[in-house]
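# Okay, here's the prediction I keep looking at, along with the sequence it came from:
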Amino acid sequence: MKKLISLTLALCLVAILPAKAQDPVFEQNDNVINLGVGFGGTLYSGRSLAVWSGYNRLPTLELAYERCIIGELFNEHSAIGVGGIIAYNYSSYRSSWTSTDVLVGARGAFHYTFVDKLDTYAGFMAGYNINTWKWKEPGATTHIGSSGFTYGLFAGARYYFAGPLAAFAELGYGYTFFNAGISLKF
């Protein structure tokens with residue numbers, strides 16, 4: 001955790017230093033949608049059950065939207081974006097229990113263009129995780145939940161390989177530790 005926070009702070013500090021960069025790829029009023037698959041995170045991981053036959057956990061599916069609200073923050077290569085996120089995760093063990101998590105949250109990120117076609121960023125996510133557990137026992141089914149506030153830090157990059165289409169990857173602490181997928185800028 002300390003290393004991740006240090007890395008995020010280092011990225012932010014380096015981003016504000018003058019650097020010879022290419023044209024910015026995240027500018028005022030740009031909109032970006034990410035569709036990704038995430039692994040790991042602060043959700044129930046089932047590590048103790050992972051060695052047992054019958055344990056299943058799907059990767060986390062994430063849909064995020066971001067809009068550039070401040071372009072040219074420090075110079076023409078820096079920007080601030082805000083948006084939202086919806087994520088879904090499902091785990092089960094044989095037919096005895098299932099766990100479903102749905103995250104609805106907000107994200108904010110600082111962006112800096114170091115290299116042509118590469119949007120690098122670091123930010124913060126805060127949201128509400130809706131969790132439901134379903135236990136099946138002989139003759140009865142129990143439904144419980146442990147929903148609540150959640151947060152996370154992330155650092156990532158989008159590489160625009162075909163006009164408005166990009167591949168992205170993020171590392172972070174929170175809902176997922178690693179997230180990757182495709183992005184569309186409009």
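Noted; the coordinates are in hand.

# excluding its backbone neighbours, what's nearest residue 126?
For residue 126, ignoring the flanking residues on the chain, the nearest one in space by CB to CB, 6 or more residues apart in numbering is residue 151 at 4.7 Å. For glycine as for every other residue, the C-beta is placed from the backbone atoms N, C-alpha and C.

# can you pull the contacts of the one you found?
124-127, 174 (CB atoms under 8 Å, 6 or more residues apart in numbering).

# Report the beta-bridge partner residues of residue 185.
residue 32 (DSSP bridges).

# any idea how far residue 39 is from the residue lying farthest from the centre of the chain?
In the chain, counting by CA atoms, centre = their mean, residue 139 sits farthest out from the average C-alpha position, at 39.7 Å. Applying CB to CB, to the nearest Å, the value for residue 139 to residue 39 is 37 Å.

# same deal with residue 103?
Residue 103 is 15 Å from residue 39, by CB to CB.

# element containing the residue nearest to residue 98 when sequence neighbours are not counted, please.
Take residue 98 and drop its neighbours on the chain: the residue closest to it by CB to CB, 6+ apart is residue 92, 4.4 Å away. Per DSSP states H and E: residue 92 is located in strand 78-93.

# ok, residue 128 - how many residues close by?
Other residues lying near residue 128 total 12 when counted by other CB atoms under 10 Å.

# coming back round to it: the residue nearest to residue 126 belongs to a strand, doesn't it?
Yes: under DSSP: H, G, I helix; E, B strand; the rest coil, residue 151 sits within a strand.

# Now list the buried members of the contacts of residue 151.
For these, a neighbour count by 16 or more other CB atoms under 10 Å gives the buried set as 124-125, 127, 174.

# now these as CSV including distance to residue 184 and pLDDT?
Shown next, in CSV, are the buried ones among the contacts of residue 151 (distance: CB to CB, whole Å; pLDDT from 0 to 100):
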residue, distance to residue 184, pLDDT
124, 23, 97
125, 20, 96
127, 22, 95
174, 23, 81
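
# before we move on, back to that, any idea how far the helix or strand just after the strand holding residue 92 is from the chain center?
Under the assignment DSSP H and E, the closest C-terminal helix or strand after strand 78-93 is strand 97-115. Centroid separation for strand 97-115 versus its chain: 3 Å, with CA atoms, centre = their mean, to the nearest Å.

# What is strand 97-115 packed up against?
Under the contact definition 3 or more CB pairs under 8 Å, 6 or more residues apart in numbering; DSSP states H and E, strand 97-115 sits against helix 2-16, strand 60-71, strand 78-93, strand 118-137, strand 148-162.
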